[in-house]
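**Student:** Provide a 3D model corresponding to the input given below.
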Amino acid sequence: MKYLYLVLLLNGLAAIAQNNVRITYSITPTGGSLEKNQDVVKSKVANSFVGIDDALTRLSYMLIVKDQKSHFYLESMLDFNEKPARLARAFAGNAEFFKDEQQKTIIKKVDFSDEIFYVKLDSVAQWELRKEQKIINGYTCFKATREKLLRLKQRNPLHIVEAWYCPAIPVRNGPKEFGDLPGLILELQDDKITYLASKIELNNNLKVTLKEVNHKIISENEFYKIIKLTDANTAATVK
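**Tutor:** Numbering: from 1, shown residues only. Reported below is the predicted structural model:
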């Protein structure tokens, strides 16, 4: 572990901090296939998953970082009328995330029951830094894991999130609500979906524009109280 911290320190000192960052993330099913996942194959809705693997690969997400603020959102738009496309968006997530590192806040924009909510997320679990490392797009990355609680899931609500971060890119950010690691997350495995950085743009002269959250913000507890008043089947689609 001491060796890992030394590597992180040296890489961090050698790197040049970037104020403006734009990262494109492609999507793949964790484990290679969602259609052939054993739980899916054995389920009564297996036929509904035909075509979802291809639909997932056609999704892409954008992470924009400017100074200490960021915005993560779905960039590509598939034909919403296609069933595999709708299912792919449901699994990969259609929410947007606004982070403010200085204020230590994460706001999640959720489209639920034909209404838009801006939800301030509670503090997340701490990462556990691992010794494993691998090369992603030419960058040396290190592994970190943490637990994630799915409050709407009745059985086994906890699962392990796996992140691969790059200390040579000293941006404490990543897909969705995840970040706060000593380097940019280039790969994230969140349950059945893996987000992989396919295009990395680091340039202080890069022109990026961040959306501001000028809407009413509610707490997670308030949001889940609203969900409980809604049909359970509809609530289960919220990620």
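**Student:** quick one, helices of the chain?
**Tutor:** Secondary structure of the chain (DSSP state H): helices at 2-14, 38-41, 52-57, 83-92, 220-228, 232-235.
**Student:** Mind telling me which of those the model trusts least?
**Tutor:** Lowest mean pLDDT of those: helix 2-14, a mean of 40.
**Student:** ok, and the helix or strand in this structure with the lowest average confidence?
**Tutor:** helix 2-14 (a mean of 40; mean pLDDT, DSSP states H and E).
**Student:** Residue 132 and residue 162: what is the separation?
**Tutor:** 10 Å (C-beta to C-beta, to the nearest Å). C-beta coordinates here come from the backbone N, C-alpha and C atoms, glycine included.
**Student:** The two: who's more crowded?
**Tutor:** Applying other C-beta atoms under 10 Å to residue 132 and residue 162 shows that residue 162 carries more neighbours, namely 16 against 13.
**Student:** For that one, which non-adjacent residue is spatially closest?
**Tutor:** Among residues not flanking residue 162 along the chain, residue 189 sits closest, at 4.2 Å (C-beta to C-beta, 6 or more residues apart in numbering).
**Student:** The one you found touches residue 159, doesn't it?
**Tutor:** No: Residue 189 is not in contact with residue 159 according to C-beta atoms under 8 Å; the separation is 9.9 Å.
**Student:** These two - which one has more neighbours?
**Tutor:** Taking neighbours as other C-beta under 10 Å, residue 189 and residue 159 compare with residue 189 leading, 19 against 14.
**Student:** Check the gap between the more buried one and residue 132 for me.
**Tutor:** 13 Å.
**Student:** ok, residue 216 touching residue 116?
**Tutor:** No: at 10.1 Å, residue 216 and residue 116 do not qualify as touching, with contact defined as C-beta under 8 Å.
**Student:** how about the strands in the chain?
**Tutor:** 20-29, 60-66, 69-74, 96-100, 105-112, 115-120, 128-136, 139-149, 158-166, 184-190, 193-202, 217-219 (DSSP state E).
**Student:** Please identify the most buried of these.
**Tutor:** Compared across these, strand 184-190 shows the largest average neighbour count, a mean of 24 (mean count of other C-beta atoms under 10 Å).
**Student:** Counting by contacts, list what it packs against.
**Tutor:** Contacts defined by 3 or more C-beta pairs under 8 Å, 6 or more residues apart in numbering; DSSP states H and E place strand 184-190 against strand 139-149, strand 158-166, strand 193-202.
**Student:** Any idea what residue 70 is bridged to?
**Tutor:** On the basis of DSSP bridges, residue 70 is bridged to residue 65, residue 99.
**Student:** ok, now which ones touch it?
**Tutor:** 63-64, 97-99, 101, 173, 179, 210 (C-beta atoms under 8 Å, 6 or more residues apart in numbering).
**Student:** residue contacts, residue 141?
**Tutor:** Contacts of residue 141 (C-beta under 8 Å, 6+ apart): 133-135, 164-166, 183, 186-187.
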